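**Student:** Sequence and predicted structure are below.
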Amino acid sequence: MALLDWVTSEIPIVVQADLLGLNRTSLYYKPVPPSEEEIALKHRIDEIYTAHPYYGSRRITAQLKRESFLLNRKAVQRHMHEMGIAGISPGPNLSKRRLEHRTFPYLLRGVTISHPNHVWGIDITYIRLQRGWMYLVAVLDWYSRYVVSWAIDQVLEIDFVLDAVQRAFAVATPKIFNSDQGSHFTSSQYIELLNAAGVSISMDGKGRATDNIFTERLWRSLKYEEVYLHSYESPREARKRVSAYLDFYNYRRLHQSLDYKTPAEVYYQSK
């Protein structure tokens, strides 16, 4: 509520809210922090999905039941949706905005990626904290594995995705931009941004995590080499450590698939 002046203004808060078109009841709303049980469950779902990105909600539910988590598939789908790691099939009660979301065909089947900025991929992943979680979005050059840009936030809104894309376009423009069919990447704002840049839009097949395999490998490296080795006490610490890791990943981490070069070496030397 940064638009409201709670201290110095002589105009009552409710009047300020009416002038700004804000709902009065939201002025005093304080989000309920997640329970320890919810945090533990989401963290475990993240671990399972990171190890097996081809698992859908059915298999994840089965695995959780084997570990004595008592919940049904619908509950698992809800958690996965909140975590941004899997799309939920649209139901009948959709808003007009949701109905306007578009999907595009997968353009990369049989394509040989031959140079930097030929194909970029974008994806969102869940970053766990001691008492909650954050969301990380990254734009990855598939040829060099170079992270062109990234953003991290505490809420799963479209703004941080658009910010990451805009900062990536300040570096270069790919020929093809690939994503999954998540709501962020089928939104009109995202599609308009890519269309304005003149890139071809590609989207994974429904439920096909292997279509975005390079980004899935980035997430596994990040989590096994950094996130799972620490227990972030705050969003600030998470941002700092994730930033340091992605810098290491780009400029110092040697990749066997790149003939033991770093992503930055391949990205900038091959252009």
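**Tutor:** Structure's in. What do you need?
**Student:** Please spell out which residues along stretch 127-140 are buried.
**Tutor:** For stretch 127-140, the neighbour count (16 or more other C-beta atoms under 10 Å) marks 127, 128, 129, 132, 133, 134, 135, 136, 137, 138, 139, 140 as buried. Every residue, glycine included, has its C-beta placed from N, CA and C.
**Student:** which of the residues you listed sit farthest apart?
**Tutor:** Greatest spatial distance in those: 132 and 140, 25.6 Å, computed using C-beta to C-beta.
**Student:** residues touching residue 258, list them.
**Tutor:** Contacts for residue 258 (C-beta atoms under 8 Å, 6 or more residues apart in numbering) come out as 144, 145, 265, 266.
**Student:** quick check, nearest of those to residue 166?
**Tutor:** Using C-beta to C-beta, residue 144 comes nearest to residue 166 of the contacts of residue 258, at 20.8 Å.
**Student:** wait, residue 173 sits on residue 198?
**Tutor:** Yes - Residue 173 sits in contact with residue 198 when judged by C-beta atoms under 8 Å, with a separation of 7.1 Å.
**Student:** More neighbours: the two, which one.
**Tutor:** Shown here are residue 173 and residue 198; by other C-beta atoms under 10 Å, residue 173 has more neighbours (14 against 8).
**Student:** Name the SS class of that one, please.
**Tutor:** When the structure is reduced to helix, strand and coil (DSSP: H, G, I helix; E, B strand; the rest coil), residue 173 reads as coil.
**Student:** ok, back up a step: so which of the buried residues of stretch 127-140 are in strands?
**Tutor:** Using DSSP state E to define strands, the subset of these located there is 127, 128, 129, 132, 133, 134, 135, 136, 137, 138, 139, 140.
**Student:** Using TSV, lay out those residues together with pLDDT and distance to residue 70.
**Tutor:** Converted to TSV, those look like this (pLDDT from 0 to 100; distance: C-beta to C-beta, whole Å):
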residue	pLDDT	distance to residue 70
127	97	26
128	96	21
129	96	24
132	94	22
133	96	22
134	96	27
135	97	27
136	98	30
137	97	32
138	98	34
139	98	39
140	98	37
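**Student:** how far does the strand or helix carrying residue 167 sit from the chain's center?
**Tutor:** Assigned by DSSP states H and E, residue 167 belongs to helix 158-169. Between the centre of helix 158-169 and the centre of its chain there are 11 Å (C-alpha atoms, centre = their mean, to the nearest Å).
**Student:** Would you mark the buried spots in that helix?
**Tutor:** 160, 161, 162, 164, 165, 168, 169.
**Student:** got these as a markdown table, with distance to residue 244 columns?
**Tutor:** Supplementary listing: the buried residues of helix 158-169 in a markdown table, determined by distance: C-beta to C-beta, whole Å:
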| residue | distance to residue 244 |
| --- | --- |
| 160 | 19 |
| 161 | 22 |
| 162 | 25 |
| 164 | 18 |
| 165 | 23 |
| 168 | 20 |
| 169 | 25 |
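**Student:** Let me know the closest of those to residue 149.
**Tutor:** Of all those, the one sitting nearest residue 149 is residue 168; the distance, using C-beta to C-beta, is 4.0 Å.
**Student:** Okay, helices next: where are they in the chain?
**Tutor:** If you assign secondary structure with DSSP state H, the helices in the chain sit at 13-20, 36-51, 57-66, 73-83, 96-99, 158-169, 188-197, 213-225, 235-251, 263-269.
**Student:** Kindly state which of these is positioned closest to residue 117.
**Tutor:** Across the helices of the chain, residue 117 has its closest neighbour in helix 263-269 (8.5 Å, C-beta to C-beta).
**Student:** Check the offset of the closest one from the chain's centre.
**Tutor:** Centroid separation between helix 263-269 and its chain, computed with C-alpha atoms, centre = their mean, is 24 Å.
**Student:** can you list contacts of it?
**Tutor:** Residues lying outside helix 263-269 but in contact with it, judged by C-beta under 8 Å, 6+ apart, are 116, 141, 143-147, 249-251, 253, 255, 258.
**Student:** Can you flag the buried ones in the residues you listed?
**Tutor:** Using 16+ other C-beta under 10 Å as the burial test, these include 116, 141, 143, 144, 145, 146, 147, 249, 250, 253, 255, 258 as buried.
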